[in-house]
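> fold the following for me, if possible:
(chains A and B)
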Amino acid sequence: MAKKPNKLKARLPRGFVDRTAEDIRATDELTAKIREVYERYGFDPIETPAFEYTDCLGKFLPDTDRPNAGVFSVQDDDEQWMSLRYDLTAPLARHVSENINEIQMPYRTYRNGWVFRNEKPGPGRFRQFMQFDADTVGAPGVQSDAEMCMMMADVMEALGLKRGQYVIRVNNRKILDGVMEAIGLGGEDDTERRLNVLRGMDKFDKFGAEGVRLLLGVGRKDESGDFTAGVGLAEAHIDAIVEILEANSLDDLVDYSDGLTFKTKALSTLTANDNFEAGFNELKLISDLVRTAGYDKDRISIDPSVVRGLEYYTGPVYEAELLFDVTNEKGDVVQFGSVGGGGRYDGLVKRFTGRDVPATGFSIGVSRLITALKNLGKLGTDDVIAPVLVTVMDGDTEGLTRYQKMVQDLRAAGVRAEMYQGNWKKFGNQLKYADRRDCPLAIIQGSDERAAGEIQIKDLIEGKRLSAEIEDNVTWRESRPAQVTIKEANLVDTVKTLLAQQDEDRQRQREA
RNA sequence: GCAGACGUAGCUCAGUUGGUUAGAGCGUCGGAUUGUGGCUCCGAAGGUCGGUGGUUCAAAUCCACUCGUCUGUACCA
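Model (predicted):
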């Protein structure tokens, strides 16, 4: 026995997926709905390429030792490092900066595309995924942040989500900055600790108040025994932060009636500062704007516990969260978290231009949304009907032209149709193919039908239903269930009628 | 990145203290049925036991390393 030749193993790089017809159709449907909302709000599309020079993307500068940490990078032929984009915000900042003299501000723009992250993949977490962003560049007022929140809420409903199935949560980074300042972490050299406090607060959903206390204090050990170092804050300061996280609304924390006073115990001991005041006042303004526009707190909720880890946010931050249970393939309920978020980033364009260009915007995680919506049955993935199959009984030239003509007549009438392209001599295989492909109808014309100027149309869906009642194969074959004989001239009309009937049946079943 | 679990046919999984030719179900393909899907029956193909190295007369089984998957955690611009 000869050794097998070493075959090359076909394999997908980890963290990447092939997308099926179903996935692609679902994505198209979803992005079309999102786009419609953005357009209605007066946003215009822009597209930037997948690659950018690495230094333009942000914190990975050319002198970084590992340009592939977190991003996928390659070296151009002139030795410059280029990277695949890891979000759509940094490329937008680059585009705006490069064209700042031509762009009419405020610039309202949206875009969707693939982004890439070179990090550990997990279930529902890939190294290539799609985002769909909207941003307003050059508008400093919180009214544009309020608009973003309302637009996100409208997107959720355009996707078919009902009140109570989602919520847009809003906070202001200045409030958190104010807290940091008040507890003595406002200085330059406390950047790292500040960041760790924010990260700890961000875990409130996951670990609850107790977990956050540990992370802000002495540190936390997880189930596997791995230890996360704590920030080591004082008890009183941790109390204040937990009060913020546990608050359900602004009114729980602050009294606006007489200047600005804190209502809760630990917060009251902190001294107010400019950041605090600006943060709370901006949040109040956003709240007033969206409430007056008719968005109640079941759609847009002012929630001081929203953090968002990103360092570049400078003001309002917001995220869209799904409130219904999402189950995975195994049927377990998974913590789904947010499907989109954003905020104000006033410093991003300044990096390139030196000019103050305020901006705010958000990103929707299309891939994650699809997973969740599929689960909820909100994506009509089964409404693409497989083609009508024209079977082949005579494979000579004359026969093939006849069958091909039928197919073209059907196509011209707008019916999805195809001629069997496999080995026509095994007729059983043709119907088996049609069955597995979920074809609604099969068109059959052999020499007998041909001589009589007739065609047989087999309803494969009805036939499948009838098969349950027939047990022996001879009867099954000879009774030719759900099959009609028609005149050649009536082919297109009859096919359309039968398809329409099947469609009605489907509607009825869906309603039942 | 850190910690743990796991890796046997396309899929789901058996495989005894290390011992002949590594099995089953499902799926795939062929036939019964050369002009009719499903059911039933018969038959076949399909395996570097994740990879490499080691211990041993002998390794799917034990050891080391490595790759991959899953869980938790960290990071997530």
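
> over to residue A:456. Which of the three states is it?
The three-state assignment at residue A:456 reads strand, by DSSP: H, G, I helix; E, B strand; the rest coil.

> and the gap between it and residue A:285?
Distance of residue A:456 to residue A:285, computed by C-beta to C-beta, to the nearest Å: 71 Å. To be clear about C-beta, it is placed using only N, CA and C from the backbone, and glycine gets the same treatment.

> where does the residue nearest to residue A:467 when sequence neighbours are not counted fall, phi/psi-wise?
Spatially, and ignoring its direct neighbours in sequence, residue A:467 is nearest to residue A:476 (6.6 Å; C-beta to C-beta, 6 or more residues apart in numbering). When read as degrees, to the nearest 10, the backbone of residue A:476 gives phi -60, psi -40.

> quick check, pLDDT for residue A:476.
pLDDT for residue A:476: 87.

> next one: residue A:373
Looking at residue A:373, its pLDDT stands at 84.

> from residue A:10, how far out is residue A:393?
From residue A:393 to residue A:10 the distance is 37 Å (C-beta to C-beta).

> out of those two, which sits in the more crowded spot?
Legend: neighbour count by other C-beta atoms under 10 Å for residue A:393 and residue A:10, higher for residue A:393 (19 against 5).

> nearest spatial neighbour of that one, chain-adjacent residues omitted?
Among residues not flanking residue A:393 along the chain, residue A:446 sits closest, at 4.1 Å (C-beta to C-beta, 6+ apart).

> what about the one you found, how many residues nearby?
By other C-beta under 10 Å, 14 other residues sit near residue A:446.

> do residue A:506 as well
Residue A:506: 14 surrounding residues under other C-beta under 10 Å.

> how about the secondary structure of it?
Once three-state DSSP is applied, residue A:506 turns out helix.

> contacts only, for it.
Listed by C-beta atoms under 8 Å, 6 or more residues apart in numbering, residue A:506 has no contact partners.

> for the helix or strand encompassing residue A:282, which positions count as buried?
Applying DSSP states H and E as the criterion places residue A:282 in helix A:274-292. For helix A:274-292, a neighbour-count test (16 or more other C-beta atoms under 10 Å) marks A:275-287, A:289-290 as buried.

> name the helices or strands packed onto it?
helix A:142-158, strand A:166-172, helix A:173-182, helix A:250-253, strand A:300-302, strand A:316-322 (3 or more C-beta pairs under 8 Å, 6 or more residues apart in numbering; DSSP states H and E).

> now it: average pLDDT?
If you average the pLDDT over helix A:274-292, you get 94.

> and stretch A:124-142, by the same measure?
Mean per-residue pLDDT for stretch A:124-142: 92.

> do that stretch and RNA strand B come into contact?
No. Stretch A:124-142 stays clear of RNA strand B (C-beta under 7 Å from any atom of the strand), getting no nearer than 7.8 Å.

> distance between the ends of that stretch?
In stretch A:124-142, first residue to last residue: 34 Å (C-alpha to C-alpha, to the nearest Å).

> buried residues, it. List them.
Residues of stretch A:124-142 classed as buried: A:126-139, A:142 (neighbour count, 16+ other C-beta under 10 Å).

> from the chain's centre, how far out does that stretch sit?
For stretch A:124-142, the separation from the chain centroid amounts to 11 Å (computed by C-alpha atoms, centre = their mean, to the nearest Å).

> repeat that for stretch A:250-257.
Using C-alpha atoms, centre = their mean, the distance from the centre of stretch A:250-257 to the centre of the chain it belongs to is 35 Å.

> do stretch A:184-196 as well
33 Å.

> end-to-end on it?
14 Å.

> then stretch A:11-31?
End-to-end distance for stretch A:11-31, by C-alpha to C-alpha: 29 Å.

> any idea of the mean pLDDT for that stretch?
On average, stretch A:11-31 scores 85.

> does residue A:72 touch residue A:84 like I think?
Yes. Counting by C-beta atoms under 8 Å, residue A:72 sits close enough to residue A:84 to count as a contact (4.4 Å).

> quick one on the thing from earlier: including distance to residue A:429, could the helices and strands packed on helix A:274-292 go into TSV?
TSV is the format used below for the helices and strands packed on helix A:274-292 (distance: least, C-beta to C-beta, whole Å):
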stretch	distance to residue A:429
helix A:142-158	45
strand A:166-172	48
helix A:173-182	64
helix A:250-253	68
strand A:300-302	58
strand A:316-322	45
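
> and what about residue A:113, helix, strand or coil?
Residue A:113 falls in the strand class when you classify it by three-state DSSP.

> which element is the residue of the stretch 401-512 of chain A at minimum distance from RNA strand B on?
Using C-beta to the nearest atom of the strand, the closest approach of the stretch 401-512 of chain A to RNA strand B is made by residue A:463 at 1.7 Å. Using DSSP H and E, residue A:463 falls within helix A:460-467.

> so for chain A, the centremost residue is which one?
residue A:366 (1.5 Å; C-alpha atoms, centre = their mean).

> tell me who's in contact with that one.
Neighbouring residues of residue A:366 by C-beta under 8 Å, 6+ apart: A:27, A:30-31, A:34, A:112, A:129-132.

> thinking again about what came up before, distance of the residue nearest to residue A:467 from residue A:470?
Distance of residue A:476 to residue A:470, computed by C-beta to C-beta: 5 Å.
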